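Chemist: Got a sequence here, can you model it:
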Amino acid sequence: MAMAVIHHRESSSGSGGSSSINKHLDAGKYVRYTAEQVEALERVYTECPKPSSLRRQQLIRECPILCNIEPKQIKVWFQNRRCREKQRKEASRLQTVNRKLTAMNRLLMEENDRLQKQVSQLVCENGYMRQQLHTVNASGTDASCDSVVTTPQHSLRDANNPAGLLSIAEETLTEFLSKATGTAVDWVQMPGMKPGPDSVGIFAISQSCRGVAARACGLVSLEPTKIAEILKDRPSWFRECRNLEVFTMFPAGNGGTIELVYTQTFAPTTLAPARDFWTLRYTTTLENGSLVVCERSLSGSGAGPSAAAAAQFVRAEVLPSGYLIRPCDGGGSIIHIVDHLNLEAWSVPEVLRPLYESSKVIAQKMTIAALRYIRQIAQETSGEVVYGLGRQPAVLRTFSQRLSRGFNDAINGFNDDGWSIINCDGNEDVIIAINSSKSLSSTSNPANALSYLGGVLCAKASMLLQNVPPAVLVRFLREHRSEWADFNVDAYSAASLKAGTYAYPGMRPTRFTGSQVIMPLGHTIEHEELLEVVRLEGHSLAQEEAFLSRDIHLLQICSGIDENAVGACSELVFAPIDEMFPDDAPILPSGFRIIPLESKPSDTQDSLNTNRTLDLTSSLEVGPATNHAAGDAPCQNTRSVLTIAFQFPFDSNLQDNVATMARQYVRSVISSVQRVAVAISPSGLSPAIGPKQSPGSPEALTLAHWICQSYSLHLGADLLKSESLVGDSVLKNLWQHQDAILCCSLKSLPVFVFANQAGLDMLETTLVALQDITLDKIFDESGRKALCSDFTKLMEQGFAYLPGGICMSTMGRHVSYEQAVAWKVFAADESTVHCLAFSFVNWSFV
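Modeler: Take a look at the predicted model:
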């Protein structure tokens with residue numbers, strides 16, 4: 001075995017020098033280690049890369065071959081070994097980054113070439129149009145985008161034999177590739193989705209072609225065959241896919257496969273019918289090694305399952321779409337996704353047609369969702385994702401899918417699932433549907449199934465909202481459940497799941513303490529969807545049951561809380577669950593879905609009143625336009641559709657009682673949502689926009705001046721820069737201050753009356769709900785003790801410095817801060833104490 005040499009310095013001190021070196025090695029000498037010594041040190045390094053001084057001395061005693069090496073030299077060896085390991089890891093990381101950047105550069109160059117071709121094509125078309133303007137017979141010419149991307153209609157005769165299907169498949173492949181990498185569609189960048197080093201991919205939409213179309217391309221660290229397998233399993237990642245069934249599959253002559261596929265999708269709201277598709281799907285490999293999965297609709301309405309099964313669906317069309325997956329050098333793949341659909345918008349009410357005519361909506365629901373899902377699987381496979389409560393990623397994904405699917409089932413209420421509508425004369429604002437055959441069977445353990453004697457009842461409704469940001473509304477509903485929920489109704493559903501008892505709500509009254517604890521389970525890579533367990537704390541009002549715990553646990557998903565995501569819907573879906581939270585727990589989802597509707601330039605306020613049965617928010621007057629600042633103009637006349645669905649198990653002899661309760665409860669929730677919508681609309685204090693000063697309410701600006709003046713008076717320093725204290729800018733600058741600034745009232749139970757944006761972020765709350773938070777709730781035990789000990793000092797000298805510590809947000813998360821400053825806020829006369837102000841310096845979530 002060869003000698004392992006680190007460094008060697010020859011001694012010039014004669015024959016006795018070697019013995020002297022062996023006995024008294026100083027720090028400046030470099031040592032030659034034998035292979036046996038290196039092997040011994042490597043074994044220790046594997047167990048402990050950074051051994052202590054005692055461990056190194058022990059190593060010398062236990063390994064005779066190291067007896068001629070001093071502990072200091074062994075320390076140097078471990079330092080060098082750790083350095084080499086760090087360099088190796090960094091080199092490996094840089095190689096991986098370099099491969100990704102090379103692949104992304106290739107992708108961007110191809111995208112640039114495609115755009116240059118598109119520009120050249122547009123220049124030619126522009127010249128042609130100019131020429132035609134000077135021609136008398138130019139009126140019959142049509143150079144629109146429709147002529148390029150319109151799908152030819154194939155007769156049923158072509159689809160009845162393999163040769164005809166192969167011809168259609170090859171034509172579909174050509175048209176798909178022209179959209180994915182060519183200029184068949186005029187793609188424009190998706191608003192709010194700028195490409196960058198941290199972006200998932202490059203996203204584009206078309207606004208001029210037939211139907212709706214979206215395109216995505218990105219780099220994924222999975223092999224092409226794995227990606228194709230994931231994407232073809234559409235129900236796993238497309239939440240609106242109800243069913244996908246392959247009716248026929250046969251090999252194509254070139255080694256590919258052709259499949260005839262029938263797909264059913266859920267309707268996103270109760271106001272529109274669901275869609276289904278009858279398509280040909282073609283999977284093949286190109287000459288350059290790329291894998292392609294392309295798809296298009298087949299003409300004819302008789303294909304697919306029986307007419308009775310498809311009666312609740314509107315047949316929509318898939319124009320040439322699919323996935324182009326190319327392997328990258330060094331691993332991974334570059335993927336191009338194209339979704340091009342005609343959703344037959346004529347079949348929905350006029351007010352909802354923007355939902356079916358928007359390419360942005362399709363991009364968010366299908367194209368971007370597909371690429372995000374693949375990236376999620378890739379990160380989970382590489383071990384980059386860590387989830388809470390020891391759950392495996394696949395289990396958590398299954399819970400999210402079950403919650404979403406159960407909510408979609410409730411909204412759609414398909415007859416073939418056993419749903420039927422009761423007592424509906426067309427004028428009811430709340431629809432009541434029952435499913436007498438539904439059983440909450442668990443996924444893997446039939447013993448955990450709950451079969452109800454009566455079944456499941458669903459109360460659902462939809463309404464239009466105006467000038468209400470969906471993301472803000474969903475965040476409020478998530479964070480402040482007590483503002484709209486009835487704890488006794490939650491207790492009823494939870495008790496039914498636990499024991500199959502059907503005590504009518506209110507028979508065993510329980511009081512909700514107002515406290516909810518949200519425990520995160522997992523989230524997607526861009527945090528667009530959160531999976532969590534919510535614990536609601538309650539106490540029985542009956543004295544004999546006061547010692548019993550009345551806590552309720554909910555499994556919940558929250559999505560669409562990013563206000564910058566154009567076209568994305570916002571959801572809050574939850575279901576009672578046993579506190580043991582087994583992987584195969586039965587769930588009965590309920591919740592909210594808010595879908596933004598794109599406004600066309602020709603839309604007017606009158607469109608909200610075209611159908612009174614759809615509009616449950618006509619009383620939401622948000623004030624005249626003159627009350628809004630010019631910068632808020634884009635927020636005006638924005639509309640969204642809110643769909644609510646709540647499910648309740650029931651016994652057959654209590655069906656009427658539960659139906660009455662469900663109808664009243666949903667109406668109560670609607671009323672609460674309307675009240676919240678008024679509060680968070682841009683006409684009021686919107687958490688998304690910041691404090692707005694109404695002409696008749698200068699309190700916020702006045703308080704901001706008092707806070708800053710009192711700070712300077714007590715501490716002898718300026719809270720804001722001197723140039724920021726002029727006019728109305730003081731409120732703006734205080735709102736944007738980096739430290740969390742909060743004000744609380746001087747009462748026996750102090751409550752917060754003001755917070756800047758950092759303060760709201762730290763408490764994870766909104767201005768609307770701020771007044772429900774008391775001062776003692778945000779400090780931990782040591783923080784409360786520090787405040788009590790310094791309170792006398794605060795009241796005497798007007799200010800106090802509190803040591804750093806931990807406080808608590810309304811979501812139950814711990815927040816650390818470096819220091820807190822408290823001071824008295826005087827009114828204008830500087831003699832009356834208006835409130836107490838707190839500034840939390842350098843705060844962050846733990």
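Chemist: ok, and the spatially closest residue to Ile411 that is not a sequence neighbour, which helix or strand is that part of?
Modeler: What sits nearest to Ile411 in space, not counting adjacent residues and going by CB to CB, 6 or more residues apart in numbering, is Ala645, at 5.2 Å. For the C-beta atoms, the positions are set from N, CA and C on the backbone; glycine is no exception. Using DSSP states H and E, Ala645 maps to strand 639-650.
Chemist: What strands flank that strand, and is each parallel or antiparallel?
Modeler: strand 455-466 (antiparallel), strand 590-597 (antiparallel) (DSSP bridges).
Chemist: Same list, these, but as CSV with mean pLDDT and mean neighbour count please.
Modeler: Listed next are those as CSV, based on pLDDT from 0 to 100; neighbours: other CB atoms under 10 Å:
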stretch, mean pLDDT, mean neighbour count
strand 455-466, 90, 23
strand 590-597, 93, 25
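Chemist: still on that earlier bit, chain center to the strand holding Ala645: distance?
Modeler: Taking CA atoms, centre = their mean, to the nearest Å, one finds the center of strand 639-650 at 20 Å from the center of the full chain.
Chemist: What segments of the stretch 651-800 of the chain are helices?
Modeler: According to DSSP state H, counting those that start in this stretch, the stretch 651-800 of the chain carries its helices in the segments 655-680, 699-715, 729-735, 757-763, 775-778, 781-797.
Chemist: so which of these comes closest to Glu70?
Modeler: With CB to CB as the measure, helix 781-797 is the member of the helices of the stretch 651-800 of the chain nearest Glu70 (46.9 Å).
Chemist: what's the distance between the closest one and the middle of its chain?
Modeler: For helix 781-797 - counting by CA atoms, centre = their mean - the centre lies 41 Å from the chain centre.
Chemist: residues of stretch 64-79 that come out buried?
Modeler: 66, 69-70, 73-74, 76-78 (16 or more other CB atoms under 10 Å).
Chemist: Okay, and which of those map to helices?
Modeler: 73-74, 76-78 (DSSP state H).
Chemist: what's the closest of the residues you listed to Ala214?
Modeler: Phe78 (54.6 Å).
Chemist: circling back: right, and the pair among the ones in helices among the buried residues of stretch 64-79 with maximum separation?
Modeler: Once CB to CB is applied, these give Gln73 and Phe78 as the farthest pair, at 10.1 Å.
Chemist: who touches stretch 235-248?
Modeler: 230-231, 233-234, 259-266, 268, 274, 304-305, 365-366, 369-370, 373, 401, 404-405, 408, 412, 414 (CB atoms under 8 Å, 6 or more residues apart in numbering).
Chemist: So which bits of it are buried?
Modeler: Result for stretch 235-248 [16+ other CB under 10 Å]: buried residues 235-242, 244.
Chemist: what mean pLDDT does it have?
Modeler: The average pLDDT for stretch 235-248 rounds to 92.
Chemist: gap between the two ends of it?
Modeler: 19 Å (CA to CA, to the nearest Å).
Chemist: can you give me the helices in the stretch 101-250 of the chain?
Modeler: Under DSSP H, counting those that start in this stretch, the stretch 101-250 of the chain gives helices at 146-149, 162-180, 224-232.
Chemist: still on that earlier bit, which one of the strands paired with strand 639-650 lies closest to Ser120?
Modeler: strand 590-597 (36.1 Å).
Chemist: how distant is that closest one from the center of its chain?
Modeler: Centroid separation for strand 590-597 versus its chain: 14 Å, with CA atoms, centre = their mean.
Chemist: sorry, back to before: between the strands paired with strand 639-650, which gets nearest to Leu521?
Modeler: strand 590-597 (16.6 Å).
Chemist: Please list the outside residues in contact with that closest one.
Modeler: Contacts for strand 590-597 (CB under 8 Å, 6+ apart): 268-269, 351-352, 354-355, 361, 407, 410-411, 465, 468, 470, 473-474, 477, 560, 567-575, 638-647, 673.
Chemist: got the angle for it vs helix 655-680?
Modeler: Strand 590-597 runs at 40 degrees relative to helix 655-680, counting by axes from the mean of the first three to the mean of the last three CA atoms, to 10 degrees.
Chemist: Wait, Ile377 touches Glu229, no?
Modeler: No: counting by CB atoms under 8 Å, Ile377 sits too far from Glu229 to count as a contact (10.4 Å).
Chemist: okay, these two: which has more neighbours?
Modeler: Ile377 (22 against 12; other CB atoms under 10 Å).
Chemist: what secondary structure does that one sit in?
Modeler: helix (DSSP: H, G, I helix; E, B strand; the rest coil).
Chemist: List the contacts of it.
Modeler: Contact analysis of Ile377 by CB under 8 Å, 6+ apart lists 222, 230.
Chemist: let's go with 10 Å and repeat that
Modeler: 220-222, 226-227, 230, 236-237, 385, 393-394, 397 (CB atoms under 10 Å, 6 or more residues apart in numbering).
Chemist: Pick the one among those closest to Tyr711.
Modeler: Distances from Tyr711 to the contacts of Ile377, taken by CB to CB, are shortest for Val385, at 44.1 Å.
Chemist: okay, the strands paired with strand 639-650 in JSON lines with distance to Ser120 next?
Modeler: Putting the strands paired with strand 639-650 into JSON lines (distance: least, CB to CB, whole Å) gives the following:
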{"stretch": "strand 455-466", "distance to Ser120": "44"}
{"stretch": "strand 590-597", "distance to Ser120": "36"}
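Chemist: so which of the ones you listed gets nearest Val833?
Modeler: Nearest of these (CB to CB): strand 455-466, 41.5 Å.
Chemist: Just want the angle from the helix or strand that comes right after the closest one to strand 455-466.
Modeler: The helix or strand immediately downstream of strand 455-466 is helix 470-479, counting by DSSP H and E. Computed by the same axes, to 10 degrees, the angle separating helix 470-479 from strand 455-466 equals 140 degrees.
Chemist: Output helix 470-479 as CSV, restricted to C-alpha atoms.
Modeler: C-alpha atoms of helix 470-479 as CSV (Å, rounded to 0.1, in the frame of the first residue of the first chain):
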residue,chain,number,x,y,z
PRO,A,470,-59.4,37.0,-2.6
ALA,A,471,-56.0,36.4,-1.0
VAL,A,472,-56.7,38.9,1.8
LEU,A,473,-60.2,37.5,2.5
VAL,A,474,-58.9,33.9,2.7
ARG,A,475,-56.0,34.9,5.0
PHE,A,476,-58.6,36.6,7.3
LEU,A,477,-60.9,33.6,7.3
ARG,A,478,-57.9,31.4,8.1
GLU,A,479,-56.5,33.5,10.9
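Chemist: what's the burial count for the residue nearest to Ile411?
Modeler: 28.
Chemist: And for Gly804?
Modeler: By other CB under 10 Å, 15 other residues sit near Gly804.
Chemist: Please apply the same query to Arg372.
Modeler: 20.
Chemist: Which residues are in contact with it?
Modeler: Arg372 sits next to 200-201, 216, 218, 237, 524-526, 528-529 when contact means CB under 10 Å, 6+ apart.
Chemist: Tell me which residue is most central in the protein.
Modeler: When CA atoms, centre = their mean is applied to the chain, the residue found nearest the centroid is Glu528 (1.4 Å).
Chemist: And the pLDDT for it?
Modeler: For Glu528, pLDDT reads 83.
Chemist: That one touches Ala369, doesn't it?
Modeler: Yes: counting by CB atoms under 10 Å, Glu528 touches Ala369, with 9.0 Å between them.
Chemist: Pull up the overlap in contacts between the two.
Modeler: In contact with both Glu528 and Ala369: Ala568, using CB under 10 Å, 6+ apart.
Chemist: Give me the distance between the residue nearest to Leu343 when sequence neighbours are not counted and Glu344.
Modeler: Spatial nearest neighbour of Leu343, excluding adjacent residues (CB to CB, 6+ apart): Tyr356 at 4.3 Å. Using CB to CB, to the nearest Å, Tyr356 is found at 7 Å from Glu344.
Chemist: Good, wrapping up.
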